[in-house]
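**Student:** A predicted structure for the sequence below; I have some questions about it.
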Amino acid sequence: MKRALFIIMSVLIAAIISGCSKEPTPEERFSQYVKLWNDQKFDEMYGFLSAEAKNSISKEDFVSRYNKIYQDLEIDKLKVSYKKPEEEKEHEENAELPFSANMESAAGPIEFDHDATLVKEKRDDDTNWYVDWNTTYIFPELGSGDKISFKNVQAERGSILDRGGNGLAINGTAVQVGVVPGELGEQKDQTIAKVAELLDMSEEQINKAMSAGWVKDDLFVPLKKISKEDKGLHEKLFAMNGVKSQEVGAREYPYGAALSHLIGYVGPITADDLEKLEGKGYTSTDLIGRRGLEQVLEEQLKGTNGVRISIVKKDGTVKTLAEKPVENGKDVKLTIDVVAQQQLYDQLKGKAGMASAINPATGETLALVSAPGFDPNEMTLGISQNKRKMLEEDPLKPFLNRFKLTYVPGSVMKPITTAIGLESGKLQTDTAFEINEKQWQKDASWGKYKVTRYSDIKGSINLEKALVYSDNIYFAQAALGMGQETFTEGLKKFGFEDQPEYLYPIEPSQIGKIDSEIRLADSAYGQGQVEMNILHLATTYSPFVNKGNMIKPILNMEDEQGQVWKEGLVSAENAAVINSMLTKVITDPKGTAHNGLIANYPLAGKTGTAEIKEKQGEKGKELGWFVAYNPNAADMIVAMMIEDSGSKDVVSRVKSFYELKLDSGQ
């Protein structure tokens, strides 16, 4: 009995020992390898490689190659799949096991199926299965000696066009100025000095560029990009020995300073930009909108770079692994008429000011000008520090975008006050005040403060005379008759402290604190507590030609035209009355805009001279204003403001603009 029990126990122990020492299968080993692969534990994966595989690549190279490829290709969501069979096969010295791999990359998904070869090897008295790895495990098409190519395909930036399709911001070319050192000749030092002067560079900068390690006597050394339109500069530069040029791609602004504030410019992307815009498809070589619509419309214009991941075989053939097609930026067509824009800018030459022009029937913005401007081509190609400093210190402030800001409107405000009074019933067309003095105050409670008028007309002044001769005292008294609530509510109906959706961000016109009779009186004639942006100013005159409705301004040609922004601001009857009065501002020999009269071309409008000063009695900075339109065929309302100028100067410039328009048959 004891002998039988001993035999049974011996058999059981032998069976247990046999089970514990069972050799691992290739399926089990490869499952472990796949788990490490999915976890991207490349250093541990290396321990699973066959002896022959280890002879072909060191651990350091194995790990670094996987890391570099996965980082460069932006590999994400890696999933390597191997399904162990339910019944494992018998394998002698090697095994072929199928697997699949899926991953996301910068160029999109990459998927492949492949067979892994495992070989049985004995190491240190232990026998196990090892992966007979080669480069095809990374990608099946990747042979020994092949290279992986990661190529960004640059998206083409969308163009900004005017209403007629003229390019305002386009993908054009520029001139890359450089030198060929071996051709500079005996006058080398003089040439470098002259080039430095012409390009607004230092001689040190040029010599540093020429001393770079790659430079040879017969190679072109790039120095600076300049506009292809600067022919005078070209002649001076390229007349010198060794000074050469190359044509390079560049963002181009054909209309230069005239549209600089509206269109803006692009510039190189910075490290800070890349950090903020991570994940949005930008690369270190991209340009990005820095100002104006180039910045506002960045998302629409930039497009999406394409990416192509390929394997370049030893024989030069290329096999694409994944490709994300390039998506070029979208063109944007504006309502701007570039001829009107340029002509209005030219009228402001040498002055600090702004202008707008809208079509009162459609709301289309035909011009939006701030002057002086700057050269956006120079900004995007790389402006020198000296030139930038000069512009920043220019008293006319060429970097200041005036049309997006609000200013004290002066007497161009009076037609709005007129409309508010007439619609409230607190002002009639025959309302008259006896005015004989240059200055007026309501009573002694105003202290030393008085409203000053600049008209010489005395006696009974009615509404028409007050508008035609621009009588401040009349409108001050009219506002007191309306009261603060009626006046401010009327302003809000006219769009003050409101701003319709508009392509370019502009500050809304403002109502300040009208908390006294003096402030109410001053605000009625455009001083006091009101400020307007120039686009809104032009828009507020549209009810006078639109039967009382104020048009919604638009800048994008895709926007719906003819939208009413504010409905029923004035009755059709009152609109016609105001329209008639504004015509007399120009036709009446004593009208404030009589110098704007054009033979055989009717104009209606209103002048304004706002004064910005700290206190009464001081001489302040003047802003000259004028708004004008053809009352019989109102296809354009023009508003203009010039700093340090009276309104008569502004009237003459707007008149010149309309004469050019008339001469061109528009």
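**Tutor:** Received it, and whenever you're ready, just let me know what you need. Numbers count the residues shown, from 1 in each chain.
**Student:** center of the chain, which residue is that?
**Tutor:** The centroid of the chain falls nearest to Gln295 when counting by Cα atoms, centre = their mean (1.1 Å).
**Student:** wait, what's in contact with it?
**Tutor:** Gly264, Gly289 (Cβ atoms under 8 Å, 6 or more residues apart in numbering). All C-beta spots, glycine's among them, are computed from the backbone N, C-alpha and C.
**Student:** Got the phi and psi for it?
**Tutor:** Main-chain dihedrals, Gln295, degrees, to the nearest 10: phi -90, psi -40.
**Student:** try Asp635
**Tutor:** phi -100, psi 0.
**Student:** is it true that it touches Asn359?
**Tutor:** Yes - Asp635 is within contact range of Asn359, at 5.8 Å (criterion: Cβ atoms under 8 Å).
**Student:** And the two? Which one has more around it.
**Tutor:** Asn359 (21 against 16; other Cβ atoms under 10 Å).
**Student:** Identify the residues contacting the more buried one.
**Tutor:** By Cβ under 8 Å, 6+ apart, the contact list for Asn359 reads Thr335, Leu366, Asp635, Met636, Ile637.
**Student:** if we go to 6 Å?
**Tutor:** Residues near Asn359 by Cβ atoms under 6 Å, 6 or more residues apart in numbering: Asp635.
**Student:** what do you get for His91?
**Tutor:** Residues counted as contacts of His91 (Cβ under 6 Å, 6+ apart) are Pro26.
**Student:** just Gln300 next, same as before
**Tutor:** Contacts of Gln300 (Cβ under 6 Å, 6+ apart): Lys330.
**Student:** Ok, Lys324 next?
**Tutor:** Going by Cβ under 6 Å, 6+ apart, Lys324 touches Ala107, Gly108, Gly306, Val307.
**Student:** Farthest pair within those residues?
**Tutor:** Maximum pairwise distance in the contacts of Lys324, criterion Cβ to Cβ, is 10.3 Å, between Gly108 and Gly306.
**Student:** between these two, which one's more packed in?
**Tutor:** Using other Cβ under 10 Å, the more surrounded residue of Gly108 and Gly306 is Gly306, with 18 against 13.
**Student:** Can you give me the separation between the more buried one and Val221?
**Tutor:** 32 Å (Cβ to Cβ, to the nearest Å).
**Student:** do Thr135 as well
**Tutor:** Using Cβ to Cβ, Thr135 is found at 40 Å from Val221.
**Student:** before we move on, back to that, per-residue pLDDT of the residue nearest to the centre of the chain, please?
**Tutor:** According to the prediction, Gln295 has pLDDT 98.
**Student:** I figured Leu344 hits Thr365, correct?
**Tutor:** No - applying Cβ atoms under 6 Å, one finds Leu344 not in contact with Thr365, separated by 12.0 Å.
**Student:** Tally up the residues packed near the residue nearest to Ile336 when sequence neighbours are not counted, please.
**Tutor:** Leaving out its chain neighbours, the residue that sits closest to Ile336 by Cβ to Cβ, 6 or more residues apart in numbering is Asp162, at 4.7 Å. When neighbours are counted by other Cβ under 10 Å, Asp162 registers 21.
**Student:** and what of the one 3 residues further on?
**Tutor:** Here the count is done by other Cβ under 10 Å, and Gly165 has 10 residues near it.
**Student:** Check Ser652 too.
**Tutor:** 15.
**Student:** again with Leu427
**Tutor:** Residues lying near Leu427 (other Cβ under 10 Å) number 21.
**Student:** For it, give me the pLDDT.
**Tutor:** Leu427 is given a pLDDT of 96.
**Student:** Verify the stated contact: it with Leu480.
**Tutor:** No - taking contacts as Cβ under 6 Å, Leu427 lies outside contact range of Leu480: 11.2 Å.
**Student:** does the closest residue to Ile226 other than its chain neighbours sit in a helix or strand, and which one?
**Tutor:** Spatial nearest neighbour of Ile226, excluding adjacent residues (Cβ to Cβ, 6+ apart): Val175 at 5.2 Å. Using DSSP states H and E, Val175 sits in strand 167-179.
**Student:** Go through the helix or strand just after that strand and flag the buried ones.
**Tutor:** Downstream of strand 167-179, the first helix or strand assigned by DSSP H and E is helix 188-199. Using 16 or more other Cβ atoms under 10 Å as the test for burial, helix 188-199 gives Thr191, Ile192, Lys194, Val195, Ala196, Leu198, Leu199.
**Student:** same check, this time on stretch 536-548
**Tutor:** For stretch 536-548, burial by neighbour count (16+ other Cβ under 10 Å) applies to His536, Leu537, Ala538, Thr539, Thr540, Tyr541, Ser542, Pro543, Phe544, Val545, Asn546, Gly548.
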